[in-house]
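Asks: here is a sequence together with a model predicted from it:
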Amino acid sequence: MASRNRALLVWIAGVLAYVISITNRTSLSAVGTDAAARFHADASTLALFAVLQLLVYGALQIPVGLLLDRWGSRKVMAVGLVVMAAGQLLMAFTLDVNLAIGARVLLGAGDAAIFPAILRVIGAWFTPRRTPIITQITGLLGQFGQIISVIPLAALLHATTWPTAFASLSALGVLAAILAFAVIRNAPAVTGAITVVTARHDLRRGFTEAWRHPGTRLAFWSHFSTPFAGTAFAILWGYPFLMQGEGLSAAAASTIFTLYVVFGAIAGPIIGTLSARHPLRRSWLVLLVVGGQAAAWLLVILWPGRAPFAVLVLLGLALCAGGPGSMIAFDFTRAHNPASRLGTATGIVNGGGFLAGVIAIFLIGLAMDLQGAGTPATYTLDAFKLAFLVQFPIWAIGIIGLLRERGRTRAHMKTLGVHVPRIRDVLSERRQTTVR
C-alpha cells in the first residue's frame, strides 16, 4: 500500500508539471491577436513564434531521451520547468519581436523535457497492464493546461497587463520545478524497473537499435499522423479561425476549446482501454482517429459560408481525439523497446507529432500570407479554408509511413512467433462461431 501511495504521489507531481508545460505551450492560443499587436507581427511572424517553439521541441526529443536514459526523470523534468519559466519571464517584459521569438524557443526547449520524462515515470512506477490507461489519463489531465491558457490567462491579461500575466506563468513554472525535484523519483528503489545507462557507446547503440526496430518507426508515424491538426488548432490558428473566420464570440470560441478538453476526459480512457485490450489492433485505432479528423475538417471546409456552431463543435471534438490517439504511439514504443532505451525511443517517437505540427503551422501561415490575409485585420473565412487544406498532404505522408511500418513490424513479430491475423479473417471466424 505504501508503494502504491508513493507511486500515486510521484505521478501527481509529474502530472502537475505536465499541466504547467501545456499551459506554457498553448499560452499564445487565446492571446494571439494581442501578441500580434504587441509585437507588430503579421501571420508569418506569428506562425514563426509557434513554429520555432515546436521545432526546438521536436529537435530536442532525441537528446532529451538520451539524457533521460542517463539521468532519469527527476533532474531532466526540473531543469525543463526552470527553462520554461525563464522563457515566460523574457516573454513578459520584452517588446522586441526577436527576443519574443527567443522566449518561445526557450519554452520549446523546456517543454521538450516534460512529457518524455513523465512517460518514463509511468513506465517505472506502474505495471505494463496499467500503463496504457495511466498514459491516457496523464494526457487528458495535461490538457487542462490548455483551459488555463484559454480562460484564466486570457482573463488575467485583459484585466491587468501583458507583463503581469506572463510573469505569473513564470512563477508557476518555478513552483512546479521545486515540487518535481522534491517529490519525483526515477524508479522504485526495490524494483529497478528502469535501468540507467552510463556509457556513451551504450547511449549511441540504444539510439541506433531503437530506430532500426520497425515497431519504433510504426510508433513514430502513428504520432506523426494523429496530433498535429489539434496542435496547430490549439497553439495558434484555432482562435483566429473561430473568431475572425467563423465569426464566433470569444465566449463561444472558449466553449469549443473547453469542450475540446472535456471530451478528452471521455475519449482518453476509452482509447486507452481499447489499446490495452487489443494490442494487435492499435494501428486501426490510429487510422480511425486520423480519418475522423480529416472528415471533420473536410466538412467544415466544404460547408457553404460559415459552419453551424454544432459542426464547429464536432470539429473540435475530432481534433481533440488526436491527443488520446497519439498516446497509442507510446504503447507501441513500450511494446517494442526494452527499459534501457525507453527514453531514447520515446524521444524519437514524440518528435514525430511535433515535426508534423511545425510543418502544419508554418504552411497554414504561409498560405494565409500568399492570399493576402497576413494580419488579423485581413483574415477571411475563405483564406482560412484554403490554408487548412495543407493538412491533408501531411496526413497522407503519415498514413503511408504507418502502413509501411505496420507491415514490417508484423513481419518482425512473426519471426518471434506472434501472428497477427487479418481483420477479415477474424470477422469471418466470428461469424462462423455465431452461426454454430
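Replies: That came in fine, so what should we check first?
Asks: going by C-alpha atoms from here, please, whenever you check contacts or count neighbours.
Replies: OK.
Asks: quick one: contacts of the helix or strand where residue 220 lies?
Replies: According to DSSP states H and E, residue 220 maps onto helix 214-225. Contacting residues not belonging to helix 214-225 are listed as 210-211, 283, 286, 290, 326-330, 332-333, 336-337, 345, 348-356, 394-395, 398-399, 401-402, 405-406, 408-409, 412 [Cα atoms under 8 Å, 6 or more residues apart in numbering].
Asks: hey, where'd the helices end up in the stretch 251-400 of the chain?
Replies: All helices of the stretch 251-400 of the chain, identified by DSSP state H, counting those that start in this stretch, fall at 282-302, 309-320, 322-336, 342-370, 381-388, 391-415.
Asks: I would like the residues contacting stretch 394-406, please.
Replies: Residues contacting stretch 394-406 (Cα under 8 Å, 6+ apart): 214-215, 217-218, 221-222, 224-225, 283, 287, 290, 356, 360.
Asks: picking that back up, and the next helix-or-strand element following the helix holding residue 220, how far out from the chain middle?
Replies: The helix or strand immediately downstream of helix 214-225 is helix 228-232, counting by DSSP H and E. Remark: helix 228-232 is offset 8 Å from the chain centroid, using Cα atoms, centre = their mean, to the nearest Å.
Asks: do the same with stretch 10-20
Replies: Using Cα atoms, centre = their mean, the offset of stretch 10-20 from its chain centre is 15 Å.
Asks: average model confidence for that stretch?
Replies: The pLDDT scores in stretch 10-20 average 92.
Asks: so, low pLDDT: which residues of the stretch 51-200 of the chain?
Replies: Within the stretch 51-200 of the chain, the stretches with pLDDT under 70 are 189-200.
Asks: quick check: phi and psi at residue 59.
Replies: Here is the backbone geometry of residue 59 (degrees, to the nearest 10): phi -60, psi -30.
Asks: burial count for it?
Replies: Residue 59: 19 surrounding residues under other Cα atoms under 10 Å.
Asks: list the residues that contact the closest residue to it other than its chain neighbours.
Replies: Spatial nearest neighbour of residue 59, chain neighbours left out: residue 351 (7.0 Å); criterion: Cα to Cα, 6 or more residues apart in numbering. By Cα under 8 Å, 6+ apart, the contact set of residue 351 is 57-59, 61-62, 220, 224.
Asks: and the pLDDT for residue 351?
Replies: With respect to pLDDT, residue 351 has a value of 83.
Asks: relative to residue 115, how far out is it?
Replies: Separation of residue 351 from residue 115 (Cα to Cα, to the nearest Å): 11 Å.
Asks: just residue 345 next, same as before
Replies: Taken as Cα to Cα, the span from residue 345 to residue 115 is 13 Å.
Asks: between these two, point out the one with more neighbours.
Replies: More crowded of residue 345 and residue 115, by other Cα under 10 Å: residue 345, with 34 against 26.
Asks: need the contact list for that one.
Replies: 62, 65, 207, 210-211, 216, 333, 337.
Asks: top of those residues by neighbour count?
Replies: residue 65 (30 neighbours).
Asks: thought residue 56 was touching residue 109?
Replies: Yes. Assessed by Cα atoms under 8 Å, residue 56 is found in contact with residue 109 at 5.8 Å.
Asks: which strands or helices does the strand or helix carrying residue 156 pack on?
Replies: Using DSSP H and E, residue 156 sits in helix 152-159. Applying 3 or more Cα pairs under 8 Å, 6 or more residues apart in numbering; DSSP states H and E, one finds that helix 152-159 makes contact with helix 162-183.
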